[in-house]
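A.B. asks: I need the structure of the sequence given here:
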Amino acid sequence: MEILNTTVSLFSHVIFIAMTNSLLRQLFDWSKWIKNTPDNIGRLKVFILFLSIAIGYLVSNFILEIVTLSQTLFFSFQ
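C.D. replies: The predicted model follows:
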């Protein structure tokens with residue numbers, strides 16, 4: 001059962017990080033925030049990646065915690 005929980009957590013983190021990365025790249029017009037120079041483009045990609053990891057990990061942990069609490073609540077009433 002531990003392997004299943006670890007695998008689900010890993011896939012959840014990866015999926016939410018990928019979703020956040022996609023949303024951050026498509027949703028915001030980053031040219032309004034920074035100048036479009038070749039140096040800034042590389043730095044912006046790294047910044048978006050780190051921001052995606054942070055937000056995706058937080059959202060994934062929140063969802064997994066809600067699922068765990070729901071399971072605990074469900075099994076406590078049986």
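
A.B. asks: from now on I want contacts and neighbour counts done on CA atoms only, so please keep to that.
C.D. replies: Fine.

A.B. asks: identify each buried residue in the helix ranked longest in the chain, please.
C.D. replies: Selection of the longest helix in the chain by residue count, based on DSSP state H, yields helix 38-76. Along helix 38-76, the positions that meet the burial threshold by neighbour count (16 or more other C-alpha atoms under 10 Å) are 48-49, 51-53, 56-57, 59-61, 64.

A.B. asks: and the most centrally placed residue in the chain, how far from E65?
C.D. replies: What sits nearest the mean C-alpha location of the chain, by C-alpha atoms, centre = their mean, is G56, with 1.1 Å. Using C-alpha to C-alpha, to the nearest Å, G56 is found at 14 Å from E65.

A.B. asks: okay, now R25: neighbour count?
C.D. replies: Here the count is done by other C-alpha atoms under 10 Å, and R25 has 14 residues near it.

A.B. asks: what sits against it?
C.D. replies: R25 is in contact with I48, counting by C-alpha atoms under 8 Å, 6 or more residues apart in numbering.

A.B. asks: let's go with 10 Å and repeat that
C.D. replies: Listed by C-alpha atoms under 10 Å, 6 or more residues apart in numbering, the contact partners of R25 are 45, 48-49, 52.

A.B. asks: and for A54?
C.D. replies: With C-alpha under 10 Å, 6+ apart as the criterion, the residues that contact A54 are 17, 20, 48.

A.B. asks: distance between the longest helix of the chain and the chain's centre?
C.D. replies: 3 Å (C-alpha atoms, centre = their mean, to the nearest Å).
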